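> please find the sequence and the predicted model below.
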Amino acid sequence: MSDKSHDPNQMTGAAMIVRALIDHGVTDIFGYPGGAVLPIYDEIFQQSEVQHILVRHEQGAGHAAEGYARSTGKPGVALVTSGPGATNMVTPLTDALMDSIPLVCISGQVPTHLIGNDAFQECDTVGITRPCTKHNWLVRDVNDLAKVLHEAFYVATSGRPGPVLVDVPKDVQFATGTYHPPRKSDVHRSYAPRVKGDATQIRKAVSLLANAKRPVIYSGGGVINSGREATKMLRELVEVTGFPITSTLMGLGAYPASGKNWLGMLGMHGTYEANMTMHDCDVMLCVGARFDDRITGRVDAFSPGSKKIHIDIDPSSINKNIRVDVPIIGDCGNVLGDILQVFKAEAKKPDIKSWWQQIAQWRARNSLYYKKSNDVILPQHAIQALFEQTRGKDTYITTEVGQHQMWAAQFYGFEDPHRWMTSGGLGTMGYGLPAAVGVQVAHPDSLVIDIAGDASVQMTMQEMSTAVQYELPIKIFILNNQYMGMVRQWQQLLHGNRLSHSYSEALPDFVKLAEAYGAVGLQVHKPADLDGAIKEMISVKRPVLFDCRVAALENCFPMIPSGKAHNEMLLPEQANDEATAKAFAGGKALV
Amino acid sequence: MNQPASAYFIEDRHDPNETHTLAVLVQNEPGVLARVIGLFSGRGYNIESLTVSETEAQKHLSRITIVTTGTPMVIAQIKNQLDRMIPVYQVVDMTQTKRSIERELAMVKVRGQGEHRVEALRLADAFRARVIDATTESFVFEITGNTDKINQYIDLMRPLGLVEVSRTGVAAIGRGPEGM
């Protein structure tokens, strides 16, 4: 028998996991130990290349890994134990699937011989996570582990990115086998995402764009996922064509908010000019977005007169909600590059002066108008103040879910991609605080702010302890209106103002809570004190809970009421009780 | 249209449904069938019939034949959603090719005596069904054909003492020399 003890590729499954992380350039992981992952934690203890961040709840590990991934473009990695460790990961995995975030989760499992026995902390992890991952694996043989880990990283980061999970029974972690570095043959032969767009389709698209009278570019998170090159190409295309551009919630920052062609976000709480431009356009170029229901409003009245071009790397996004005329399957950056090349060679900048004049009229409606007050802080004003105070700084913004999230999207101007982390598809309350932890780990010297609501932030508040432990100076900017604001808004608009369980009863004292965690607590009530308090928050080099007391009953406008089209928006100046009642007129509510 | 006040737009779609037979070539690995079935249940697609077996053992390839119904947009979605699964090699819409042969096999148990027995045998002969088990008061017939033929045969057996039916579901293959 040959002496395998000196073969550097002979190692335990647990050692392989750490080795694979290093081979994939992973420097930080987020996790929580437990019985079924102890061998892996033992390996982590004995090395220094991979830093492990101990969270306070596995959901926090998942969202932190998401924040890390979105702010860096690299995959985020989470490590959790079997049973409850794995089930607590279901929310972040689903969140990452909906928003196409590359996430690699490694979960421990009970030893192979106990699988199916209802063992302590056993659950069917691959069964539970099958619909909420892009792919998952249960590894039963240590000699398959290296291949599976390498494939996991490839699947998570290639094509349409997404979460993957590798379930590793404890006996496989202990067993010794042969490791190999990543190689091409590790990947399923059946998996080959299409990157390059079809040349004929690209020509058709260019011809539509070149002859457009009323064009619009509608970009989404796919542009950001595709990488810096896609952003560059998108900006160049806007420059070369002179077209107006709007974006989904997920796509903010791909085109700068200060850019002259920027219309603001579109959709349910998008700007009037963005939605009207979408409704009345004759050519729509959709790049890396998926015609989601928050975007389209009523589908049968969505942009009725336009020819639609749709670029997406995932063929299943094409014609899912809206029938398009020119589908192009491929990577956004790659396809935009090809479109630009053909456009520059064969087309001239179309004359769309009268279209821009029309857009200027819509813009003049000032759909983000709100009435400032000297007595009480308006939430919109708080976001604007935060934006002004952080303008030009190296800032990353995360959010929770609800009114504050929409106000952040409306009033915070994003100039660059990867600076905006929000739960778009799944709408996960409690996303922002742990995501901020992940972002700060990736960017220790940057300013990382979670724009939060008083209800959402309590869902994952425990991660303040993580921030304090690792000296991560995240700023939790809570727009505290003492309500689940968006729920209250819908109850007011749709359910006869019966505010069923949407009042934040028994709120904690956030200042004292911060102090209890060993963080800094700040509170502000008066508009006059807001700027000073924000300055103080920024200057403190420790985690801060910022309790910004805002007007309790402010609603988020403009808004496309339910069952309405883009050209039937409810604008803030029309949002008096009577008009609102009319816009939302209908029978009993179904949500 | 009378819309209930809702945060979601509630829409009635009236496109007519179509029935399509899909052939799906997959890597034969643990969980692959669960993935395919989970896709159908998770996204609310219909399964009329499902047949699966390993077809190339050395390459670990299995072939799944699914008969499904939906609007043309839903059928296109089903194909795309199947195609993007990691262990799926290829999805072919056999109905769309218009060059496919579809067969299923059924075993039909009929119990009866006298004239009913004779009639059952006579019909079996007409449908080219074989007797694969017999007692003095029963037969088990084996019949192969397309779904319509088998449905028709089963309907005819009903008044003659039909006891139970076991069907394989549809298997399909393209005509001509080319493979999938």
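Received it, and whenever you're ready, just let me know what you need. Model, not experiment: these values are computed from the prediction.
> could you look up the SS state of A:R70?
Here A:R70 is helix, with the state taken from DSSP: H, G, I helix; E, B strand; the rest coil.
> chain B: helices as residue ranges?
Along chain B, counting by DSSP state H, helices occupy B:32-42, B:72-83, B:94-97, B:115-126, B:147-157.
> mind listing what's buried along the first one?
Judged by neighbour count (16 or more other CB atoms under 10 Å in any protein chain shown), helix B:32-42 contains these buried residues: B:V32, B:R35, B:V36, B:L39, B:F40. Any C-beta I mention is one placed from the backbone N, CA and C, and that applies to glycine too.
> highest mean neighbour count out of the helices of chain B?
Greatest average neighbour count among the helices of chain B goes to helix B:72-83 (a mean of 19), per mean count of other CB atoms under 10 Å in any protein chain shown.
> can you get me a residue count around A:T422?
24 (other CB atoms under 10 Å in any protein chain shown).
> for chain B, what's the longest strand?
strand B:100-111 (DSSP state E).
> now find how far off-centre the strand or helix carrying A:L209 is within its chain.
Under the criterion of DSSP states H and E, A:L209 resides in helix A:199-210. From the chain centre to the centre of helix A:199-210 is a distance of 31 Å (CA atoms, centre = their mean, to the nearest Å).
> and for whichever helix or strand comes after that helix, what's in contact with it?
Remark: after helix A:199-210, the chain's next helix or strand is strand A:215-219, criterion DSSP H and E. Strand A:215-219 has contacts (CB atoms under 8 Å, 6 or more residues apart in numbering or on different chains) with A:209, A:234, A:237-238, A:241, A:243-248, A:251, A:254-255, A:263, A:266, A:277-278, A:281-289, A:350, A:352, A:355.
> quick one: buried ones out of those?
For the contacts of strand A:215-219, a neighbour count by 16+ other CB under 10 Å gives the buried set as A:209, A:234, A:237-238, A:241, A:243-248, A:251, A:254-255, A:263, A:266, A:277-278, A:281-289, A:350, A:352, A:355.
> report the distance from stretch A:53-60 to the chain centre.
19 Å.
> buried set for that stretch?
Those would be A:I53, A:V55, A:R56, A:H57, A:E58, A:Q59, A:G60, for stretch A:53-60 by 16+ other CB under 10 Å.
> hmm, A:S82 and the fifth one touching each other?
Looking back up the chat, that one is A:E58. No - in this structure, A:E58 is not within contact of A:S82 by CB atoms under 8 Å, at 11.1 Å.
> before we move on, the earlier item: of the buried ones among the contacts of strand A:215-219, which are in range of chain B?
For chain B, no contacts are drawn from these by CB under 8 Å from any CB of the partner chain.
> mind checking which of those residues land in helices?
A:L209, A:L234, A:L237, A:V238, A:T241, A:T277, A:M278, A:W355.
> just send those residues back as a markdown table, with distance to B:L50 and pLDDT too.
Listed next are those as a markdown table, based on distance: CB to CB, whole Å; pLDDT from 0 to 100:
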| residue | distance to B:L50 | pLDDT |
| --- | --- | --- |
| A:L209 | 44 | 98 |
| A:L234 | 43 | 98 |
| A:L237 | 45 | 98 |
| A:V238 | 48 | 98 |
| A:T241 | 48 | 98 |
| A:T277 | 46 | 98 |
| A:M278 | 41 | 98 |
| A:W355 | 52 | 98 |
